[in-house]
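Engineer: predicted model and sequence follow; I will ask about them next.
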Amino acid sequence: MSHVFDSYLQAYQIVRGVSGIGEGNGPFVIYHDGFNGLNNWVGFLPNGDRVGMDTHPYFAFGGQSTAAISSFGPAACTTWGPMMNDSWTNIGVTAAGEFSLATNDCGLFVNGVGLGTRYEGTFAGGPDTAVGSCDQWDDWTSYSADTKAQLKTFAASSMDALQNWFFWTWK
């Protein structure tokens, strides 16, 4: 990851070299965590001027879960809330540059065209252990009122836990 640190440092130096240091001089410089976790950035640019972090938290690309959709609202709070709070304390400005309500990797071309899904065990990049069928998740037109309500709760919990966010959608 040192090559990422080096390139980020170089970008910071270029921006600050052009815009200056101190309030009113140039933009915030926001770094993506490189999907390496925010905690790996603690201490990077300790005296940096107006720097921040961007992260893209998803449940869909971790281990696949067959847990009830109702479990994801609390999971957003217990997983993402502390992560964001720690980053604000230890790094500074932190935003979720994208997130979604996907609890699994079902969905047309989520992993790429023709690459399958982890959920069904068909993902070209592995693992090959299926945990279920994507049929119920891909047919959003048949979601029950309860499923919709639970997704709404998951959305509200995610927005609260992430604090500063952009919502990613295919539309």
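Structural biologist: Okay, I see it. Numbers count the residues shown, from 1 in each chain.

Engineer: tell me which element residue 6 falls in.
Structural biologist: Element membership of residue 6, judged by DSSP states H and E, is helix 2-19.

Engineer: cool, residue 49 as well?
Structural biologist: Judged by DSSP H and E, residue 49 forms part of no helix or strand.

Engineer: what's the neighbour count on the nearest residue to it once chain neighbours are set aside?
Structural biologist: The shortest distance from residue 49 to any non-neighbouring residue, by Cβ to Cβ, 6 or more residues apart in numbering, is to residue 21 (4.7 Å). C-beta coordinates here come from the backbone N, C-alpha and C atoms, glycine included. Around residue 21 there are 12 other residues, counting by other Cβ atoms under 10 Å.

Engineer: with the one 5 residues further on instead?
Structural biologist: When counting by other Cβ under 10 Å, one arrives at 15 neighbours for residue 26.

Engineer: look up the closest residue to it, ignoring the ones flanking it.
Structural biologist: residue 19 (2.4 Å).

Engineer: buried residues in stretch 56-71?
Structural biologist: 57, 58, 59, 60, 64, 65, 69 (16 or more other Cβ atoms under 10 Å).
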